[in-house]
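Enquirer: Just a sequence and a predicted model for now, questions to come.
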Amino acid sequence: MGKKKKKKKKGGLSRALASSSKGREQSPLRPKYVEKKPPCQATCPSGNNIREFVRTIAQAERVGQSNEEALERAWQVYTNTSPFPSVCGRVCPAPCETECNRKELEGAVSINKVERAIGDYGVEKGLGLKMLTEEKKPQKVAVIGGGPSGFSCAYQLARRGYGATVFEALDKPGGMLRWGIPGYRLPESVLDAEIQKILDLGVELKCGVKVGKDVSIDELQQSYDAIYVALGAQQGVTLGVDGEEAPNVFSGVDFLSRFHHGEQLDLGSDVVVIIVGGGDTAIDAARICKRLGANVTVLYRRTLEEMPAIKEEVEEAIEEGIKIEFLAAPTGFKKEGNLVTAMRCIRMELGEPDDSGRRRPVPIEGSEFEIPASAVISAISQKPDFSGFESLLDGKWISIDDQGATKVDGIWAGGDVAQLDLVTTAVGHGRRAAEAIERKFLGTAAEPDNMPVIRTDKMRLDHYEKAERQEPASLNVDERLGDVEKEVNLGLAAGQVIEESRRCMSCGMCFDCEKCWLFCQDQAIDKPLEKGLIYKFKLENCTGCKKCAEECPCGFIEMH
């Protein structure tokens, strides 16, 4: 008789997968899929579904989609919450990235740059915004202000079948996006394209109509079923020092508006831009002045760390030769005749924190100095013109609840009228108000959002492959300064968009990594044949060993 062949032992994971669960200790706990909200999404002022639009691009090849199909799908996901991906991809300071879980590895995902790529694809391909219904509802809504908040509200109302009319005081729509942001940051063609998509849904636009002057809010209440107030902050705040009435002293928003309207401004050679609060308007004004040939000094009373302007913009301003005097504040003007010739200043030091949490700047006695100035731009802050809206005010601002409702029934508000904030905050206010207005029409209540936010302590970061952040190309300094309208930041190349999207860790949602299936010792997980689908538990085989939950990189599996 021949010798019996020895059976080859299965080793490692194969043996574990093949072994029976009989005889092993049983746990009463069983795995359960629990979707969680990624911190980027929880922080996004617009409430965008960031994880979904980024991973749509990341998983395109895996699920058999072309890159073009994935970009179109990502655009549809994005525009469900905001009609401005191309705009916001350029001007938003990306608070979402400050909370991105990937920052604990090689750095946050460049969500902002992926967002821009999605928006630019939509503009390039002429993609149209999607209606949620073809039914025309009887209710009409007046939207006061043709900026990001007003158009966001009008868009969400129109796609739900409601009539929306936007009243814009100026001759063109866009608000501060058009009149307050330079073309080298936001090309006018991009803004026009995304506004046109909203108008294509049937939103009516009435330019040159100033509500509160040409028509009262009371008159609008007689003709419309609801009103959304979204005035932009287009009035500059004065410094409050003697001499600022001089003809060569401008507010930041006034300077930017006059520049965008094509006015030829004689600034001379030495321009002082003063920053006391806002930041972005001041840096924008400073960089325009530099492109117009002036020597520019920015005065800021705190340090670079406290400066609220977008850091990338500040770095580029310094690269362009703009001088920033930190820890310095204005005290007055030196004049010859009716013109300012110098800015009187004083050095500051940081003291105790103020109400904002930042350390309060304190003057240093005896540290006074002067900066020669052929013009001064006071970009300390800005505010809306509330003429005709006094009945809505609660102090200096319009008070709104968490749904955007004001103290006057039937009137909602958002954006800069509530408090100065980001463009994306204004967009989020508009969507939120539109949803609240529809609920008012339908007599329904808001559904609570109780989804928990996932943090890295519930994830397995060691299961993610190393992937460095992709950086976009930009113009060199000579190219920037040679054309005031030429866009500085060129965005990510097509391949970079894919690579950057793949850095997304899909926090709180399955991304088909196979880890649960690979580590399961009980053959209690069914792997779907089709890529991109969530795996199924076979609980009859499960012993509750917890390996699937322990090894899930994104924290999607919990034991219950």
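Expert: That came in fine, so what should we check first?
Enquirer: Quick check: pLDDT value at the residue nearest to Ala94 when sequence neighbours are not counted.
Expert: Leaving aside its chain neighbours, Ala94 sits nearest to Asn112 (4.0 Å; criterion: CB to CB, 6 or more residues apart in numbering). Using the backbone N, CA and C atoms, a C-beta is placed for each residue, glycine as well. Predicted confidence (pLDDT) for Asn112: 97.
Enquirer: Is it correct that Asn112 is in contact with Val91?
Expert: No - taking CB atoms under 8 Å as the definition, Asn112 is not a contact partner of Val91, at 9.5 Å.
Enquirer: In which helix or strand does the residue nearest to Ala94 reside?
Expert: Assigned by DSSP states H and E, Asn112 belongs to helix 111-124.
Enquirer: In the stretch 1-150 of the chain, where is pLDDT below threshold?
Expert: 1-25 (pLDDT under 70).
Enquirer: now the helices for it?
Expert: 12-18, 39-43, 50-58, 67-78, 85-91, 95-98, 111-124, 148-158 (DSSP state H, counting those that start in this stretch).
Enquirer: Please list all residues in contact with the residue nearest to Ala94.
Expert: Gly89, Cys92, Ala94, Cys96, Glu97 (CB atoms under 8 Å, 6 or more residues apart in numbering).
Enquirer: give me the number of residues near the first one?
Expert: The one in question is Gly89. By the criterion of other CB atoms under 10 Å, Gly89 has 24 neighbours.
Enquirer: what's the nearest residue to it if we skip its chain neighbours?
Expert: Arg116 (2.7 Å).
Enquirer: And for the fourth one?
Expert: If you skip the residues right next to it in sequence, Cys96 has Cys40 as its closest partner in space, 4.0 Å away by CB to CB, 6+ apart.
Enquirer: Pull out the buried positions in the helix or strand encompassing Glu370.
Expert: Assigned by DSSP H and E, Glu370 belongs to strand 359-372. Within strand 359-372, the residues scored as buried using 16 or more other CB atoms under 10 Å are Arg359, Pro361, Ile371.
Enquirer: Just list what that strand packs against, helices and strands only.
Expert: Counting contacts by 3 or more CB pairs under 8 Å, 6 or more residues apart in numbering; DSSP states H and E, strand 359-372 is packed against strand 270-275, strand 328-336, strand 339-353.
Enquirer: and stretch 247-260, C-alpha only, in PDB?
Expert: C-alpha atoms of stretch 247-260 as PDB (Å, rounded to 0.1, in the frame of the first residue of the first chain):
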ATOM      1  CA  PRO A 247     -10.300 112.800  -1.000                       C
ATOM      2  CA  ASN A 248      -7.300 110.400  -1.000                       C
ATOM      3  CA  VAL A 249      -8.700 108.200   1.800                       C
ATOM      4  CA  PHE A 250     -10.900 105.400   0.700                       C
ATOM      5  CA  SER A 251     -12.800 102.600   2.500                       C
ATOM      6  CA  GLY A 252     -11.800  99.100   1.300                       C
ATOM      7  CA  VAL A 253     -15.200  98.200  -0.100                       C
ATOM      8  CA  ASP A 254     -15.500 101.600  -1.800                       C
ATOM      9  CA  PHE A 255     -12.100 101.200  -3.400                       C
ATOM     10  CA  LEU A 256     -12.800  97.700  -4.700                       C
ATOM     11  CA  SER A 257     -16.200  98.700  -6.000                       C
ATOM     12  CA  ARG A 258     -14.900 101.700  -7.800                       C
ATOM     13  CA  PHE A 259     -12.100  99.700  -9.300                       C
ATOM     14  CA  HIS A 260     -14.500  97.000 -10.500                       C
END
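Enquirer: Adjust the sequence numbering to begin at 111 for everything that follows.
Expert: Right, with 111 as the first residue, what we last looked at is stretch 357-370.
Enquirer: pLDDT averaged over it - what is it?
Expert: 92.
Enquirer: Enumerate the positions of it that are buried.
Expert: In stretch 357-370, counting by 16+ other CB under 10 Å, buried: Asn358, Val359, Phe360, Ser361, Gly362, Val363, Asp364, Phe365, Leu366, Ser367, Phe369, His370.
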